[in-house]
Structure formats: C-alpha cells, structure tokens
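*Asks:* please find the sequence and the predicted model below.
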2 protein chains.
Amino acid sequence: MMDMPSEAAVPTLADVAARAGVSTATVSRCLNTPERVVKETRDRVLRAVDDLGYAPNFSARALAAGQSNMVGAVIPTMENAVFARGLQAFQEELGRHGKTLLVASSAYQPELEEDQVRALVARGADALLLIGYDRRPDLYRFLAKRKVPTMVAWSFRDDVDYPAVGFDNRRGMAALARLVLGYGHRQISCISAPMAENDRARGRVSGIRDALQEAGLDPEALPLVETPYDIENGETAFRQVMAEAPETTVVMCVNDVLAIGALRAARELGLRVPEDISITGFDDIEIATLASPSLTTVHVPHREMGRRAAQAITEMLRGAPGWARVKLPTDIRVRQSLGPAPARSAKPF
Amino acid sequence: MMDMPSEAAVPTLADVAARAGVSTATVSRCLNTPERVVKETRDRVLRAVDDLGYAPNFSARALAAGQSNMVGAVIPTMENAVFARGLQAFQEELGRHGKTLLVASSAYQPELEEDQVRALVARGADALLLIGYDRRPDLYRFLAKRKVPTMVAWSFRDDVDYPAVGFDNRRGMAALARLVLGYGHRQISCISAPMAENDRARGRVSGIRDALQEAGLDPEALPLVETPYDIENGETAFRQVMAEAPETTVVMCVNDVLAIGALRAARELGLRVPEDISITGFDDIEIATLASPSLTTVHVPHREMGRRAAQAITEMLRGAPGWARVKLPTDIRVRQSLGPAPARSAKPF
DNA sequence: GCCTCAAATGTAAGCGCTTACAAAATTTCA
DNA sequence: TGAAATTTTGTAAGCGCTTACATTTGAGGC
C-alpha cells in the first residue's frame, strides 16, 4: 500500500474522455443521456469508464447541473420504530427513481428541526420530507423562497393546502375512542406527548374529545397528562393519571411507546389489564404485538405512507401540476389490552 | 407567491461580497476562518450574510475544498432498533464536530452494500462507517485506493488490523453460554442469523461452542438453525429446533429479535419459559425488557459505541496517527427467560 | 519619518461536471 | 448528385466556492 507516488489519483471525466478519445461532453452524455450518443462511441466510453474505475463526483455534478438528486428528511427521532419503517420504504422507493435519501433527526426540538432543514437545503437537497405541519411560518417562507418542494407526512389535514401524505390523526383516534366507549367505558383518561409543537398528538387528543362529545360526555373533563415520548415517561404518567383520576377505567395513550410504559406501570401497581383497567395506544409499531398483554391500538400504514411520499415527491420534482395530497386510512387493531369496563366499587350507586 | 420575475434568486458568496464591499475571498474566510479577518470587516460581512439570508452551497464548497464534511454509514437495516440507537449517538457526536451523517441501508445484501458504499463515496463522503468486517476484498481495495478513512463498528477482532469500534461478539456470547451452563443446562440449541456474510453471527455461535468445549461437551454437536433476521423467522426456527432436538433445554439466539420470535413460538407450543425451556438473546434492545417473560441477553453499549465511533472518525479525518481501535465490554442482563435446566423425563437415568 | 515585517485583503485559478451553441458528420430527398 | 435537414460530437463558458499567491495596509523600531 504505502501511498503510491501519485498516479493513483481519482480519475475524472477528463481522464475518461482522454482514454476514449472523445470530448468530456460526450462522456457526460454517455452517462446521463446515453440515447444521444451513437452506440459505437458509447461502448468505447463505457469501456474507458470501466478500465479507469471512474465514478462521477456528485458535488461537481450537483453544482453544474443545479440539482443533486438527493432528498432530505427530518424526523423527530431515529431511536424508535415509529418512523423507521416508513422511512425505509421511503428510501427504497426513492432509490427506484435514482434519488438518495439524507436523513436528519431533530430530537423533537423545533429549533433543531429548523437547523436541520437549512443544513439539508444547503447541502443541495432537491426536496424535503417533514413530519407533521407544526413549524414556524419562517421556515415555510424560507422553503418557498428557495423553491424547495416540501411534503408533510404522518399527518393529513383537509383544511391545509400543502403537499401531504398522511392520515387523519383525529379521526383515527376518534374511531378508537368510540370503540372504547362501546366497551362501556365512561371514565376515560389520556396520556399524551407534549402537544405544543406536535399536531399529531393534538389531533389524537381532539379525536378522543370528539367521541366523548358525541357520546354526550364532557370533552373538557378528560383527565390528561402530557409527557415526552419515552417508555419511562409513560410509566410515570400512568401513576399520575391514576392518582389524579382514580376512577379511570381506560387510559388512552397517543402512541404505543407511552402505552407500553402505562402497561408496565399498571403491572407494577398490581392492576390487571384489561380486567382492572384497559390501555390503548396509537401507531401499531412492533412492540404493540410483543407486549403482554398485547396492545389495542390504531394501525398506521407506515410502509405505504413512505412509498407514496416518495412517489409524490418524485412527481413534484418532475414538475407535476398541483399538490400531491394523499390521505391514507387507519384502522383499529383490537388486542388484549382493551376489555369491557369493570364495575367500579368506587362508583356511586 | 407566483414566481417573482427573478430577483429572488438564491444569494451567492459573490452577492454577499458585493453588499459588504469586500472580495469573495474575504467572505469565504469570514465563514471558515473568522480569526483571519479583522473584526470590523467580519461584522460587516456577517451583517450582509444576514440581510441576504445567505447560506453556503455545500456542493460548491465540497468541490472547491475537496472535502464534504459528510460521513456516510451503511447499515444492514433501519427497520429495527439494533442500529438505530448507536447511529443516533453517532450522528449527535458527528454534529458536534460540524459533520453530517448520510445513512444508507443494505438490507443485509452484500452487493447492495457495495453499491451503497460506492454511492456514498461518489457523493463525497469524507469517511465511512461500516458494520462488521465481512465484505469482499475488492471493496476494501476500492476504499484504500480512494483513500476514504473507514471504520468498522458492532464488531471487534484483535486479529484484524483495521480501525474498529466494537465489542467481541464471541467472548460476549461465550460468557452468556457459561452462565447458561452454570444453570445446569446441557442440551443447548442455537438459532442464528445467516452466518455466511455476517461475522457477528459467526462470532456469537463460536462463543457458544467455546463454552461447550470448556465444559467438556462436544461443540460440533450444537443443534443449529440459520434464518434471516425477523421475528417470524425466529418462531419458525424455534419449531424446527424443537423438532430436530426435542431434548433441548435452552435455545440461545444470536440476537434479540430471533429470541422474541422463539419466545412467542414457545408460548404457542404450550411450553412455559423458563420452567420448561429457557431462551436467550443478544443486543439488549428495547424489546428485551418489554417481552414477557423478559429476555436474558447480552447487553451492548450501543450509544457509547456510536459516540466513540464518531470521535475516532473525526480523529482519523484530522490525520491522527495510528488506527483507532476501541474494544468495548459487553455484559449480561439476566432476566426472566433464563432459568435452571428442567429435569427431563426424556433423559436416561 | 522611514523602513521592515506581519497581518489583512484582493486577485484569479481552478475543483469536476453540465450544457448552450457551434461545427462536423451523416442521412434524406428532390 | 448535391443541398438541406438531422444527428452526432466538440468547444468552452460557467456552476459557487476555496486558496495559493500577490498586493495593500498598518504597526513597530530606530
């Protein structure tokens, strides 16, 4: 090995051109628009490419062509499975269209998300995938000014005219809440992620309230604890809920991770699920089936969402007219953690 | 909105220079080596940057400077938590050093991994993080030729002189196997991921054999089923193991995901864990604690590995002498899924 | 006050590629 | 058969930035 004198320098387009006896323009065309080059020349060029082990320099290409074939995504976290599955599908589909995915995570911090977005744009991302709608108008303005096609995922609102591939968090949760009510529960409590910067959490909580209202219950009376996304926090929150609203018969969590925590806390408190108390989640990630008892939750078509998002972005990049808006359906997976409301001795009779 | 005539073009270094009344070189220096510019000028330039909302074009920067400040990582899969946690830490630490992470996944396919590596290099990755040692010499040669500093993670071998941050898969598993033997088990079976292209799986299986040998048992007699990384496959494999070696008292799986599958299959078969059969995993990902019974497994310091890998790569990039080699310790987490070997009626006595 | 030397800034040459536009080669058709 | 139309290839001008090297400016010493 020992550092060859030089020679071994990385080959460039010009080297290929020289070896094939053509101009750099022709080599470039062979690589990008082969049909515009006569077969004989093309073969010669491709042989040179092979011989030299040439690989294009994407920075140069991006600079010259004014586009990078790279799309960026900023997700709240890489640490759990919520986004992993959808993102994997997103990446696969992008790959099919010759594009690369550049992922960044914001750790659920809005300022960090802004930084990451700007960084991705600076790095030349042709388009962006963002999670949910909640962010400062500034950022949207920046994106519009730079003309970076952007798409929202994991959320879908009929009333906002912006490219999106997602589902209706509110309706999905409302459907589950109706089912819960159907099981006879009247004392519903809720554990939510912080709602301030998170339209998905907000939507889900609203969904519960919608169902309460329909059932003639007071939506504002819903006992609610907010806590960051984390199993441990789910445990703590469950304890808090049970302390504040001991008559609770079902705890609806806005995501599976919190629900798993709640499940664990219930066990520690000696409460049987679902005999003594029911618990529900949202997302239907892997742990929902693994937990025991397994978790009743709202299923989200993660992979399809990723795939559709990639297709939509590809179309936007091709300058397709109109805004891609795809609303996917969610459905409910009834598992062990939800049961009929117990008759509570604490209840007045 | 409606497409402003032009004007709104993205500002460049030259625009900033013009507005600040300096040369582009000075602006560049303000951004990259501020200490080489006198304060007064610097302030003026930075104000111009702000006014214009200038953001550097990284493609151009990468092209001109010959380095991208981007490091790539190719992991076998994004779909489960094994790599997510470590990668998150890796990314955070890189960010601290002003570098960005570009992730690609190979879906456990060697050819795809090669493609991804080449793609990352073409995209200008300054350095690469790869999982495990197993890959064609070709690729290593390519990397050496292009002089891309590369580091192996999630695996560590004393006998291979290559930058690595990992742990000794073999020793880690051997330790667990010794513990298992200590519980009185003599009929050990194993479920492994495909070992052909996966040195981690191979190492772990060897670890079991080491312990068997020490205990005076025949390491070659170990019943072994290989199957791809997936919960369902773990279930199937468990059934297969029990069919082929019904006297088994403990099934050691080379990772938690397969172990979870085994756990589930055991339940379906009406076997109590750990009373009738014990099951162990490797990795200590989240589901290990969530499963019920919880999983006895080998704990891997994922976050620290990611962090250290980032530090090591940063050093290599700074041209630090020698090869960064960090071997991290693993330890055993004893949980419910491992119990004493049952007295088997099938045993001769 | 003048000269030396260091610090600050400017000049301009690329980095490797794409792509208008021009030139050359080939085909078409009267 | 030759001019026009068409296809293929070449020429060269950037894309936005960094960085040797040249130049200017200012400080310090006598």
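*Replies:* Sure, I can see it.
*Asks:* A:Arg96: neighbouring residues, count only.
*Replies:* A:Arg96: 12 surrounding residues under other C-beta atoms under 10 Å in any protein chain shown. Every C-beta, even on glycine, is put in place using the N, C-alpha and C of the backbone.
*Asks:* what's it sitting at in phi/psi?
*Replies:* Backbone torsions for A:Arg96, taken as degrees, to the nearest 10, come to phi -60, psi -20.
*Asks:* the closest residue to it other than its chain neighbours sits in which helix or strand?
*Replies:* Nearest residue to A:Arg96, sequence neighbours excluded (C-beta to C-beta, 6 or more residues apart in numbering or on different chains): A:Ala310, at 7.9 Å. Assigned by DSSP states H and E, A:Ala310 belongs to helix A:302-317.
*Asks:* contacting residues around that helix?
*Replies:* With C-beta atoms under 8 Å, 6 or more residues apart in numbering or on different chains as the test, helix A:302-317 has contacts from A:71, A:82, A:85-94, A:96-97, A:99, A:126-127, A:129, A:149, A:151, A:153-154, A:163, A:165-167, A:324, A:326, A:328.
*Asks:* what residues are up against the nearest residue to A:Asp230 once chain neighbours are set aside?
*Replies:* Among residues not flanking A:Asp230 along the chain, A:Val257 sits closest, at 6.7 Å (C-beta to C-beta, 6+ apart). The neighbours of A:Val257, taking C-beta under 8 Å, 6+ apart as the test, are A:Asn80, A:Val82, A:Tyr229, A:Asp230, A:Ile231, A:Gly234, A:Gly281, A:Asp283, A:Ile285, A:Ile287.
*Asks:* for the residue of the stretch 151-300 of chain A found nearest DNA strand C, list each beta-bridge partner.
*Replies:* Among the residues of the stretch 151-300 of chain A, A:Met151 lies nearest to DNA strand C; the distance is 23.9 Å by C-beta to the nearest atom of the strand. Bridge pairing for A:Met151 (DSSP bridges) gives the partners A:Leu129.
*Asks:* list the contacts for it?
*Replies:* A:Met151 neighbours (C-beta under 8 Å, 6+ apart): A:Ala127, A:Leu128, A:Leu129, A:Leu130, A:Pro163, A:Ala164, A:Val165, A:Ala309, A:Ala312, A:Ile313, A:Met316, A:Ala324.
*Asks:* just the closest of those to A:Leu13, please.
*Replies:* The nearest member of these to A:Leu13, counting by C-beta to C-beta, is A:Ala127 at 26.6 Å.
*Asks:* flag every residue of chain A that's near DNA strand D.
*Replies:* Proximity of chain A to DNA strand D is confined to A:21-26, A:29, A:36-38, A:40-42, A:60, A:63-64, A:66 under the rule C-beta under 7 Å from any atom of the strand.
*Asks:* tabulate the contacts of A:Met151 in JSON lines, adding columns for neighbour count and pLDDT.
*Replies:* As requested, those are exported to JSON lines (neighbours: other C-beta atoms under 10 Å in any protein chain shown; pLDDT from 0 to 100):
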{"residue": "A:Ala127", "neighbour count": "25", "pLDDT": "95"}
{"residue": "A:Leu128", "neighbour count": "22", "pLDDT": "96"}
{"residue": "A:Leu129", "neighbour count": "30", "pLDDT": "97"}
{"residue": "A:Leu130", "neighbour count": "26", "pLDDT": "97"}
{"residue": "A:Pro163", "neighbour count": "21", "pLDDT": "95"}
{"residue": "A:Ala164", "neighbour count": "26", "pLDDT": "96"}
{"residue": "A:Val165", "neighbour count": "28", "pLDDT": "96"}
{"residue": "A:Ala309", "neighbour count": "29", "pLDDT": "96"}
{"residue": "A:Ala312", "neighbour count": "24", "pLDDT": "95"}
{"residue": "A:Ile313", "neighbour count": "28", "pLDDT": "95"}
{"residue": "A:Met316", "neighbour count": "19", "pLDDT": "92"}
{"residue": "A:Ala324", "neighbour count": "18", "pLDDT": "89"}
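*Asks:* ranges for the helices of the stretch 51-200 of chain A?
*Replies:* A:58-65, A:81-96, A:110-122, A:137-145, A:169-182, A:199-214 (DSSP state H, counting those that start in this stretch).
*Asks:* wait, which of the ones you listed is closest to B:Val298?
*Replies:* Among the helices of the stretch 51-200 of chain A, the nearest to B:Val298 by C-beta to C-beta is helix A:81-96 (21.3 Å).
*Asks:* just the residues contacting the closest one, thanks.
*Replies:* With C-beta under 8 Å, 6+ apart as the test, helix A:81-96 has contacts from A:71, A:73, A:75-78, A:100-101, A:103, A:129, A:131, A:153-154, A:255-257, A:283, A:285-287, A:302-307, A:309-311, A:313-314, B:77-81, B:84, B:104-105.
*Asks:* and for the closest residue to DNA strand D within the stretch 51-200 of chain A, the neighbour number?
*Replies:* Nearest residue of the stretch 51-200 of chain A to DNA strand D, counting by C-beta to the nearest atom of the strand: A:Ala64, 3.6 Å away. A:Ala64 has 11 neighbouring residues, counting by other C-beta under 10 Å.
*Asks:* how close does it get to A:Ser105?
*Replies:* 31 Å (C-beta to C-beta, to the nearest Å).
*Asks:* now A:Leu269
*Replies:* Distance, A:Leu269 to A:Ser105, using C-beta to C-beta: 34 Å.
*Asks:* and those two? Which one has more around it.
*Replies:* A:Ser105 (24 against 13).
*Asks:* surely the more buried one meets A:Gly72?
*Replies:* No - the criterion here is C-beta atoms under 8 Å, and A:Ser105 misses it with A:Gly72 at 11.6 Å.
*Asks:* quick one: buried ones out of the contacts of helix A:302-317?
*Replies:* Buried residues within these, defined by neighbour count using 16 or more other C-beta atoms under 10 Å in any protein chain shown: A:71, A:82, A:85-94, A:99, A:126-127, A:129, A:149, A:151, A:153-154, A:163, A:165-167, A:324, A:326, A:328.
*Asks:* mind listing what the residue lying closest to A:Leu52 once chain neighbours are set aside touches?
*Replies:* Once flanking residues are discounted, A:Leu52 sits nearest to A:Pro11: 4.2 Å by C-beta to C-beta, 6+ apart. Applying C-beta under 8 Å, 6+ apart to A:Pro11 gives the contacts A:Leu52, A:Gly53, A:Tyr54.
*Asks:* just the buried residues from the residues you listed, in ChimeraX please.
*Replies:* This is the ChimeraX syntax for the buried subset of the contacts of A:Pro11, where burial follows 16+ other C-beta under 10 Å:
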select /A:52,54
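*Asks:* closest to DNA strand C among the contacts of A:Pro11?
*Replies:* A:Tyr54 (6.9 Å).
*Asks:* for the closest one, which non-adjacent residue is closest in space?
*Replies:* Closest residue to A:Tyr54 apart from its sequence neighbours, by C-beta to C-beta, 6+ apart: A:Pro11 at 4.6 Å.
*Asks:* that neighbour is in what secondary structure piece?
*Replies:* Short version, using DSSP H and E: A:Pro11 is in no helix or strand.
*Asks:* kindly provide the distance from it to A:Ala20.
*Replies:* For A:Pro11 relative to A:Ala20 (C-beta to C-beta), the value is 12 Å.
*Asks:* which residues do the two both contact?
*Replies:* With C-beta under 8 Å, 6+ apart, A:Pro11 and A:Ala20 have no common neighbours.
*Asks:* so which strand or helix has the closest residue to A:Pro34 other than its chain neighbours?
*Replies:* In space, and not counting its chain neighbours, A:Pro34 is closest to A:Arg42: 5.9 Å by C-beta to C-beta, 6+ apart. Using DSSP H and E, A:Arg42 sits in helix A:39-52.
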